[in-house]
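# Turn this into a structure:
(chains A and B)
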Amino acid sequence: MSVPQEAMHAFMDKPSFWQRLRITDWIWAVLVITGTAFVYQLYSSYMDVYEQGFLIMSAPALIALGWNWRAVQPLSLLITAFSLLGIWLYSGNIASAETVFGLKYLFSSQSAIMWMSALFVLATVFYFAGLIANNEFIAKTASVLTWSAVVMGFTGLMVRWYESYLVDPEFGHIPVSNLYEVFILFCLITGILYLYYEARYRSRALGGFALLVISAAVAFLLWYSLERDAHEIRPLVPALKSYWMKIHVPANFVGYGAFALAAMTSSAYLIKYYYSHPSRLVAILVPSFIFLGLFTWIFARTAFGKTAVEGSLLALAFNAFGFALAITLLLTALGFLLMLPSTQKALPSLEILDDITYKAIALGFAFFTIATILGAMWAAEAWGGYWSWDPKETWALIVWLNYAAWLHFRFSKGWRGTQMAWWAVIGLFITLFAFLGVNMFLSGLHSYGEL
Amino acid sequence: MKSSRSTSTRLVDFLGSMNLAITLLVIVAIASVIGTVLKQNQPYPDYEIKFGKFWFEFFRSLGLYDVYSALWFLLILGFLLLSTTTCVIRNTPGILRELRHFREKAQEKSLRALHHSASFVSNQPLEAIQASSQQALKNQGFRFRTHQEGATHVVAAMKGGANKWGYWLTHIGMIVIFIGGLLDSKLPIMLGEWRGTIQPETRNIPASEVPAISQLGANTYSYRGSVDIPEGRTANIIFLPVRDGYLVQRLPYEIEVKAFRVEHYSTGQPKSFESDLVIHDPDLKEPLAHTISVNHPLIYKGTAIYQANFGDGGSEVELQFNPLTKQYAPQTLTGNISQEYNLSSSTEQYRLELDNFRLFNINPVKNEQGIEEQRNIGPSVIFRLRNAAGEAIEYTNYMNPVMIEGRLYLISGVKKSPADPERFLHLPADKKGSPELFLAFLNALQDEALVRNTALATTQASMGALDNQALDANVETQIVESMVRLTQLFATQGFDGIMNDIDARFPEAQRQSVNEAFTKVLQASLRGVYLELLKQRGVSEPNETDWLFFDDSLNAMSNLPFYGSPWFIQLKTFKQIEASGLQITRSPGQNVVYLGCIMLTLGVFLLFYVAQRRIWVLVKPLESGENEVILAGSSNRNPHDFDKYFQNLRSAFQTMLTAKGD
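Down below sits the predicted model:
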């Protein structure tokens, strides 16, 4: 709590926003502006006017972000340093990825992304361990691991951007162009959003929940990379060669990441709620696990289905069923651990969980609205119509309508509690279908990710 | 009294109710799913094949093939629009009151009852308390109003009215988006159809023959359609798809496609599609030349011209017909894509429909190590052969021989019906990439006299080797005859023919052994003919390559009965003429929609991130001569943040107002 004297000053003298800035904030601003100016000087002749606009606008955006959340400052600087180091190590030759030590084991995009994956999974385990053992040190370690994962992931994306030009100058593009790349983006944005709320609410108890989604995404990423060689850098199809991609895709993933986070804080909410209302637990958990198992099974069947064409149908079903069973059992075990009294004590109050869920959904909704509008504008330029009822577009609308309904319930009817938490969890599945299912099961104009 | 409410009030209440709005949001979401699961606007026969007669008709009556234009879907959207509008109209007076009223007349009791409320005693005089409260609130960005009732003084402050603007902007923004979308919708066409002034054309006829009822004038308000224009040609119409038909939309200008280009990456994948266009318009002093590409349309006269796709514009192809049976002679034909030709040289009448030509075909091909890799296997021609009964088989024939696992093949894809998967015929090609050796081998097998001679020679040679005097001429003739018969059977019906023959002539118990025996006999005969053929070509000692060719030939021949064509048609030369697929839209609603989008975005941020907060400071003199201060507050958003804020405010006020004066 604030000291009364300080509080009074805050209210009576009202220090302006500028007065509250520290010297490091000004250094930060100077660094960002210098960096942007340098990049502009070097590369503006290769950009069209929109891209120049994005570059220039990204400077104030980054400065504001760093001022409002100071952790962004060292984070960005570290990512920049690592990325530049990676680029320097390449010395203009893509083959260096296999020969230079620093690239092979650290900073080539593939290695950096592997580091990110490992660190995220490790952090998930540490967060849960810290929560269940109620141990601050373990939880702090988990935070450090998560920050490191974010640094390595962003470094990986930056270096990949450079690599795409090294492979062939004509291939060069921002790495948000296919399902593999956007999955990395998803992990990073969800991670960063979580870290923001961790700092804001001074609680590490939700880390495991948030990172569970990220770990699932990492699992998919690894499968997609190892099984389908999705990490290979391929040139862009003509429809994707547009400056719109640079803003449409990231905006979308702020939305997806925030919705995922909301679903996970809601899961924590539900776990906490049912701990104090155990009689209702069975009635609701059993069908939800059946649903989860079924959902995993459908996904697994699709995933294994195409690789195991030669295998018998029985083996295929067995594989998929085993996979679904393993996931469900794992989550059940985790659920039991989370039901321990010590875990329950460490979890934030229901009000705070509800508050974070709302904030995440609001943020996600705002960005998803922007992303969908940007998508419509891009569609108008590429396909000749801002709305074509393409499956991806339509599912974006469905996701949007779903959360719009959620927000209406909350604003106008003041609904809180379990039903809204369940809705947020179900929302993740709708979002997941829009994000992944559409590419797997439906066909349309969105060409970036076929499984 | 409830019963006295008029019907119209109740209707407005219903339309503006939150329950209806949320129900509609959910219904639109669910209804939208249909169009993503069922592929929209496909050719109607495809749906009929998929669903069967009954369900096809049923789904059609529900408009599921173009669900987003279905009347019931539009009605739901209309309802949503109506509900949103009613909601805005109904809530606006209340919100205006909210914005204007400071609620300075709030009663002490109600302020105490607020969730955020605190009271303390101040020894400072009334004026000082009021002055410092007002200053503090002003510093915090509040506007305020004061009120006095008896001895009680109230400062009522509020800020964050922009939150209410968020409500208007989001909801009116949605209405604006709806209206913009309506301007660009197919509604006028639907109305025209309903009134009978417009009727979509469903026949595949030239645009010039389309009747006036299926044509729309150049001044149509909004449209979105497409047209394929071959290089060097001009068009002044586009086609608007309407369910299973189309309408012809006239353009206010003419478009000429000078050239169409596809640029490729080093991997062979397309990098860009571009068209050099020239717009001819009497309003222009001189024709307007412009190059469009994907993501870079041309905007002219309120219409936008997009590079949507590309196709063949009537390429010229020279085809070589290699007969697969002896009764025909080879022939050549030169034709154009999208044209049809009668084939006269066969006993059966065929119609050749040249469907498409492709310059590049990136396909997965196995290399010498047996690993699949993406490779450009060069030009292909796609055509249909339609017999007198009207049945057609579709073929995709590749011009160049393809190296697969170190061996050359001529490849032809075949599809018996559109729903079937494509199957491939691999004809082994000789070192020069020609099918000549294969065709000669096939020809030889169909030549009964030649087969008989070879069979005789083979039998005699093997018998001589056995040196078995006991075998008489009768056995020899029997063997030769069965060789000839089996070879004939194989050369015309493949292995299946032989299997059928065995099934027809032998009981099941014997089939296994008969099959083995027949296979041996057939093999001997085929090898004999093949060796004879090679000998004629100066090869007396066949090597491994020759035997692989032999095996491949048998494989191919075995598939020929399924192939269904009496010729193997080879693409010899071509002259490519491309057509640029243009999408042309006139969407005057677009900017309206964008305006709505900007309102929506702004509104969403105001709604989420600006909270409307009210603070009251009530001062009441106490009998002791001191003053009691009641500090109360409320916020319509983020209660958690407001908790903290109010706590800080309260401690600040307490410090400020209860501190001992100097």
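# On the three-state scheme, B:Leu408 is what?
Using DSSP: H, G, I helix; E, B strand; the rest coil as the criterion, the local structure at B:Leu408 reads strand.
# what's the longest strand seen in chain B packed up against?
For chain B, the longest strand by residue count, based on DSSP state E, is strand B:245-264. Contact partners of strand B:245-264 among helices and strands, from 3 or more C-beta pairs under 8 Å, 6 or more residues apart in numbering or on different chains; DSSP states H and E: strand B:215-216, strand B:223-230, strand B:234-242, strand B:270-280, strand B:303-312, strand B:578-586. Bear in mind the C-beta positions are built from the backbone N, C-alpha and C, glycine included.
# Given the shortest one, what are its sheet partners and their directions?
Applying DSSP bridges to the sheet, strand B:215-216 is found paired with strand B:245-264 (parallel).
# residues of the partner strand that come out buried?
B:Tyr246, B:Leu247, B:Val248, B:Gln249, B:Leu251, B:Pro252, B:Tyr253, B:Ile255, B:Glu256, B:Val257, B:Phe260 (16 or more other C-beta atoms under 10 Å in any protein chain shown).
# same deal with stretch A:65-78?
Judged by neighbour count using 16+ other C-beta under 10 Å, the buried positions of stretch A:65-78 are A:Gly66, A:Trp67, A:Val72, A:Gln73, A:Leu75, A:Ser76, A:Leu78.
# Now the last one: closest residue in space, sequence neighbours ignored.
This means A:Leu78. The spatially closest residue to A:Leu78, leaving aside those adjacent along the chain, is A:Val151, at 5.2 Å (C-beta to C-beta, 6 or more residues apart in numbering or on different chains).
# so what's that neighbour up against?
Listed by C-beta atoms under 8 Å, 6 or more residues apart in numbering or on different chains, the contact partners of A:Val151 are A:Leu75, A:Leu78, A:Ile79, A:Phe82.
# ok, 10 Å please
With C-beta atoms under 10 Å, 6 or more residues apart in numbering or on different chains as the criterion, the residues that contact A:Val151 are A:74-76, A:78-79, A:81-83, A:112, A:115-116, A:119, A:188.
# what about B:Ser185, is that helix, strand or coil?
Of the three states, B:Ser185 takes coil according to three-state DSSP.
# Next: A:Leu428.
Taking three-state DSSP, the label given to A:Leu428 is helix.
# For it, which non-adjacent residue is spatially closest?
For A:Leu428, the nearest residue in space outside its immediate sequence neighbours is A:Ala263; the separation is 3.4 Å by C-beta to C-beta, 6+ apart.
# so how far is the biggest helix by length in chain B from its chain's centroid?
The helix that spans the most residues within chain B, counting by DSSP state H, is helix B:473-505. The offset between the C-alpha centroid of helix B:473-505 and the centroid of the whole chain comes to 52 Å, using C-alpha atoms, centre = their mean, to the nearest Å.
# give me the number of residues near residue 373?
Here I'm looking at chain A. Burial of A:Ile373, expressed as a neighbour count using other C-beta atoms under 10 Å in any protein chain shown, amounts to 21.
# Can you look at chain B instead?
Other residues within reach of B:Glu373 by the criterion other C-beta under 10 Å amount to 10.
# ok, now the one 5 residues further on?
If you count neighbours by other C-beta under 10 Å, B:Gly378 ends up with 15.
# And B:Thr152, by the same measure?
The tally of other residues near B:Thr152 (other C-beta under 10 Å) stands at 15.
# what about it, distance to chain A?
Going from B:Thr152 to chain A by C-beta to the nearest C-beta, to the nearest Å gives 24 Å.
# on that earlier part again, tell me which element the residue nearest to A:Leu78 falls in.
In the assignment (DSSP states H and E), A:Val151 maps to helix A:136-167.
# tell me the mean pLDDT for that helix?
For helix A:136-167, the mean per-residue pLDDT is 95.
# next one: stretch A:190-208
In this model, stretch A:190-208 carries a mean pLDDT of 93.
# buried stuff in that stretch?
Neighbour-count burial for stretch A:190-208, with 16+ other C-beta under 10 Å as criterion, is recorded at A:190-198, A:201, A:203-208.
# now stretch A:33-50
Along stretch A:33-50, the positions that meet the burial threshold by neighbour count (16+ other C-beta under 10 Å) are A:Thr36.
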